[in-house]
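[1] coords please:
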Amino acid sequence: MEIKKVRYYIYLKDVLILSLTAFGGPQVFLAMVIETMVRRRRYLSEKELLELNALCQVLPGPTSTQTISAIGYRIGGPFLAYASLTVWVMPATLLMIGTAVLIDHLQENTPGSLNFAKFIQPMAIGYIIYAAQITIRKMIHTIEAAILMMIAAFIAFFYNSPFIFPAMLLIGGLITTHNYKKQPFIEEDPKIKIEWGNFLLWGGVLVGAALLGHYTGMLPVRLFENFYRNGSLIFGGGQVLVPYLYTEFVEFKQYLSSEEFLTGYAISQSIPGPTFSISSYIGALSMREWGLAGLLIGGFIAAAGIFLPGTFLIFFVVRFWDALKKYRPVRAALEGINAVSCGMLMAAAYLLFEPLENNLFNIAAIIGTYVLLQFSKIPSPLIVVIGVAAGIIYNWVMNSL
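    The predicted model follows:
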């Protein structure tokens, strides 16, 4: 028992180090996990890790967080999995809540305080375009998928309601199931043993939060339901989350301004850990009217809401995924889901640019950020830091004139 505790402690320390050093997106994250948890610590084999990561990629929710939770589950069961989840998300969550507190303080006490973000607001769109390129290259392989992507982008341009996105994902998956015969045949298991406990937990929390929020009208409960629902429906990682959150919290509910959203998103690209941590920033500012306590409560509620559903689902599916993935219609449906996700990511770039002033400066900042990400070796966080520094200098110069 004592040896197990030491192993758990070492594992959680490794997770904490990852949470503080994992800059650069999911590809860098996976490489760091392979180096730390496979080659150095030998918690599991590389094949096992890649299979877990592949499973997390086809489930809704944050892939990196689900992968960390799944590794913890393999090593020490549910307790270590939830401990892994907490250690992994906490640093980024605290940083983004701190960012929200700072932004709120500046706006309360210094008019025009977001002028320092003059550069990083359009830069955030450059990040979205770069992410869209990488995601499309990875997920779109057929003409049908490309057409689905364009249709999804068109619909998201003009009907950007938070309620239409889940329907689009479902329809996209159903459309491509007819291609199941093109999937390589794998001998199917006639009997799939499914343990429904974690699925019922996921669904129960989803329905319970929705009913409680509807009948009580309490903002913290409604915020938890909003983020829990988004965390249950997002395929494609943190970049795909952006249009959902922007539509719901900026355009639909108007809890944040477009400038605040873009500033928070750009800053979230410069910190380590899960990209879904942008949710903590949005949740905090959504409850700013409650003062500092509201900022803290909103941030932690958003983090719980966005990260828990993916964890429940990975615990549910990991037990029978090896059997389920042999069914060709299941694999075929993923093509449509991924295509719709790419379309919504394309729409996000337009939706985020629309509120900005259409001038040469903003267009140059967007293109410049994309070029740096695509063709230079400058680390992504450093690009954001340069943008913030340039904005501060520009603001100081203009105020001095």
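
[2] can we go C-alpha only for contacts and neighbour counts from here?
    Fine.

[3] now the stretch 151-300 of the chain, which segments are flagged as low pLDDT?
    Across the stretch 151-300 of the chain, residues meeting the criterion (pLDDT under 70) sit at 160-163, 165, 184-191, 235-240.

[4] quick one: the helices in it?
    Ranges of helices in the stretch 151-300 of the chain, per DSSP state H, counting those that start in this stretch, are 164-176, 197-216, 219-233, 238-245, 258-268, 278-286, 291-317.

[5] So which of the ones you listed is the most surrounded?
    helix 278-286 (a mean of 30; mean count of other Cα atoms under 10 Å).

[6] tell me what that one is packed against?
    helix 63-109, helix 258-268, helix 291-317 (3 or more Cα pairs under 8 Å, 6 or more residues apart in numbering; DSSP states H and E).

[7] now with 6 Å?
    For helix 278-286, the contact count by 3 or more Cα pairs under 6 Å, 6 or more residues apart in numbering; DSSP states H and E identifies helix 63-109, helix 291-317 as packing neighbours.

[8] Next, the angle from the following helix or strand past the first one to helix 258-268.
    Scanning forward in sequence from helix 63-109, with DSSP states H and E defining helices and strands, the next element found is helix 120-139. Helix 120-139 and helix 258-268 meet at an angle of 60 degrees, taking axes from the mean of the first three to the mean of the last three Cα atoms, to 10 degrees as the criterion.

[9] Report the separation between Ser19 and Ala302.
    Distance, Ser19 to Ala302, using Cα to Cα, to the nearest Å: 18 Å.

[10] er, Trp88 I mean
    Counting by Cα to Cα - Trp88 and Ala302 are separated by 15 Å.

[11] ok, back up a step: output the helices of the stretch 151-300 of the chain in JSON lines, with distance to Gln107 appended to each entry.
    As requested, the helices of the stretch 151-300 of the chain are exported to JSON lines (distance: least, Cα to Cα, whole Å):
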{"stretch": "helix 164-176", "distance to Gln107": "32"}
{"stretch": "helix 197-216", "distance to Gln107": "29"}
{"stretch": "helix 219-233", "distance to Gln107": "22"}
{"stretch": "helix 238-245", "distance to Gln107": "22"}
{"stretch": "helix 258-268", "distance to Gln107": "10"}
{"stretch": "helix 278-286", "distance to Gln107": "12"}
{"stretch": "helix 291-317", "distance to Gln107": "13"}
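
[12] So which of those is nearest Ile125?
    Closest to Ile125 of the helices of the stretch 151-300 of the chain, according to Cα to Cα: helix 258-268, at 8.1 Å.
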